[in-house]
Each structure stands twice: as C-alpha cells, then as structure tokens.
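Q: sequence unavailable; structure follows:
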Ligand code: DGY
C-alpha cells in the first residue's frame, strides 16, 4: 500500500523528521523558508496531510483552494489562531494541535519574563554589553521584589495554572485569576487562588499581570489604554499568549509615561515585525517567541503531531482534534 503523502511547512527537530521519513512519503522543508500562499494551496492540493505551524497563515482563501487532496492539517503548536478554523470546518478538514507538552516550558518563559521585568535584567545586561557599568552602587537599577507579591492571571488554562504553581509554591506569590469558565476547585484550592469577577478587578489588585487567553475576536486588544490605566504604577505586564491580546501603542504609552513599571513580552502584534518604539524603551524585556523553545518540548510537539495524524490515517479520531 502507498504511504500517505505528507508535507511539512517548516523545519522540525531532526528526530521527528527521521520518523516522518520512515512512516510517510514526506516532503520536508530543509531551507525552513516559510511557504507562500500559493505553496500552501499547492500543499493542500497534493498531500494527504499538511503539517503547519504558527507562522503559516492559513486563511479561508488558502483553505478554499479547489481540488484539495488533504483531509487533515496537523498543527505544530497549541495555538491555532493562524488557521481560519470555521473555513477549515466548512471544507470538511480535520485540524489538530499539540496541547499539554509545552505547558511547563511556556510557563517557565512567563516566569522568566516576570523576573526579568521585575529585576530590570535586560537593562542591566545592556549596561554591561555597552561597557557602561562603572560598579555597584546602593541605588543602581532598583527593581521590585517578586517573592510574596500578587500575580494576576488572565485566562486560567494549563499554562496559567503551571505558572501559578511555580509562582505560588516557588515564590510564595498570592494568585488571582480571571476566566469566564469554572476551573477545577481542587486546583484553585491547591494554589489558594482567588477568582476575580472581572479583568478590571484583577488589574487593579495585581503586582504582576500575566496573559494566558487565546487570541481571537473577543480578546483582541483586551489590554487597552483604559485597562492599562487600572494597573498599579509598580505593576508589570507579561505576555506569552499572543501579540494581538495587547494594544501595542497603548502599552508603549503606558511604559513611557510610567503608568506601569515594566513589561515582559514573548509575542507581538504582526510578529516578527515589532513596533519600533519597543526598541527605544528601557523598562521592557523582549524575547523572540521562545515559549515552547526547548529541545524536549519541540520534539514532543512533533511527536504529538505524529500521533494525531497516525490516528487519523488509521480511521480514528485524533486526541487533539480542534475541528
Ligand atoms: C504555540 O504552540 O502556540 C506556541 O506559541 C508556539 O511556541
């Protein structure tokens, strides 16, 4: 029997690519150059499965390409806001993602940004790299203490809960959260967490605010000018979710005018392009979307895609089916 044809849009960890070569008639992307819109359409027309990731913009136009052969899109990533899910559903395509395996590493990056922002780590490193450090002084680069402070989480899914665990049990932080759904009470109890009635309430009572909600129409610019004004002038905003959740112009204004003390960002509106004003600020820690970027996690994400497509080709419903 012929092996299913599989197209992978970006380079993947070599261990996973080796598996793909064994199992499928696979087209890898050794150059790692993102596929154009036409190439994505062609992939859907010529492969049984197209394995995408967060940088592939899979619009309705791409999904509506005529004479498609593909029946499944195996997304490498937990987020899938790059795919028009309604259009995929309309086309009868199955879409899967890779939850669970990146939870801890993404929570680690959120914690890293929180610590970097609180302790002015980027500013300090710049001082050394620019050879401007003239020695210790009692008042140099004073940041804010983290231990014992209040962390407010917007969204309370797996990654938020993992961050809360590290912050509460590791740094003795008090946990507030806002989420429209009802989380497991035993998780809330273990973290001694307090649910806020609104985003506004959470912003007003947190020393650190970390974003963990999915991107979408309801969360676009959830953090805007009015909401930033509710934060404490000593507070820090951490975003490892998606860039669109924060209005960049409003955040830049808040950081410039001291409405908030600092921010730590791993994701950006329109990334990899950044609003150039971010580069002019001192009170910000910037990372290039590294949330899940560990060898272990990226390999596990690839393996998760393999399990999903294997189930699909065997006629079963994949565990991580989104639609
Ligand atoms: C995801 O999986 O959605 C991440 O943003 C990729 O690191």
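A: Happy to help now that I have it. As the structure is a prediction and not an experimental result, all values here were calculated from the model. Numbering: from 1, shown residues only.
Q: how deep is residue 149 tucked in, by neighbour count?
A: 20 (other CB atoms under 10 Å). In this view, the C-beta of every residue, glycine as well, is placed from N, C-alpha and C.
Q: chain neighbours aside, what residue packs nearest to residue 246?
A: residue 223 (4.5 Å; CB to CB, 6 or more residues apart in numbering).
Q: same deal with residue 265?
A: residue 239 (5.1 Å).
Q: re the thing from before, contact partners for the residue nearest to residue 246?
A: The contact partners of residue 223, by CB atoms under 8 Å, 6 or more residues apart in numbering, come to 211, 237, 239, 245, 246, 247, 250, 251.
Q: give the buried residues for stretch 252-272.
A: The neighbour-count check on stretch 252-272 (16 or more other CB atoms under 10 Å) flags 252, 254-255, 259-269, 271 as buried.
Q: nearest to the ligand, of these?
A: Nearest to the ligand among the buried residues of stretch 252-272, counting by CB to the nearest ligand atom, is residue 267 at 7.0 Å.
Q: pLDDT value on the closest one, please?
A: With respect to pLDDT, residue 267 scores 98.
Q: which SS class is it?
A: coil (DSSP: H, G, I helix; E, B strand; the rest coil).
Q: how about it: what's its closest non-neighbour residue?
A: Sequence neighbours aside, residue 243 is the residue nearest to residue 267 in space, at 4.5 Å (criterion: CB to CB, 6+ apart).
Q: isn't the one you found right next to residue 272, touching?
A: No: using CB atoms under 8 Å, residue 243 makes no contact with residue 272, being 10.3 Å away.
Q: residues from the stretch 101-250 of the chain in reach of the ligand?
A: residue 102 (CB under 6 Å from any ligand atom).
Q: closest residue of the stretch 101-250 of the chain to the ligand?
A: residue 102 (5.6 Å).
Q: where does the stretch 51-200 of the chain dip in pLDDT?
A: For the stretch 51-200 of the chain, applying pLDDT under 70 flags no range at all.
Q: hmm, back to that, and for the residue nearest to residue 265, the neighbour number?
A: Going by other CB under 10 Å, the residues that sit close to residue 239 add up to 23.
Q: contacts only, for it.
A: Counted by CB under 8 Å, 6+ apart, residue 239 has contacts 210, 211, 223, 245, 246, 263, 264, 265, 266, 267.
Q: one step back: JSON lines for the contacts of residue 223, including pLDDT and secondary structure?
A: Shown next, in JSON lines, are the contacts of residue 223 (pLDDT from 0 to 100; DSSP: H, G, I helix; E, B strand; the rest coil):
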{"residue": "211", "pLDDT": "99", "secondary structure": "strand"}
{"residue": "237", "pLDDT": "99", "secondary structure": "strand"}
{"residue": "239", "pLDDT": "99", "secondary structure": "strand"}
{"residue": "245", "pLDDT": "98", "secondary structure": "helix"}
{"residue": "246", "pLDDT": "98", "secondary structure": "strand"}
{"residue": "247", "pLDDT": "98", "secondary structure": "coil"}
{"residue": "250", "pLDDT": "98", "secondary structure": "helix"}
{"residue": "251", "pLDDT": "98", "secondary structure": "helix"}
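Q: out of those residues, which end up buried?
A: So, by 16+ other CB under 10 Å, the buried ones in the contacts of residue 223 are 211, 237, 239, 245, 246, 247, 250, 251.
Q: domain-wise, how is this structure divided?
A: 5-101+295-313, 103-286 (automatic domain parsing).
Q: show me what contacts the residue nearest to residue 229 when sequence neighbours are not counted?
A: Of all residues not flanking residue 229 in the chain, residue 259 sits nearest, at 6.2 Å (CB to CB, 6+ apart). Contacts for residue 259 (CB under 8 Å, 6+ apart) come out as 228, 229, 231, 233, 253.
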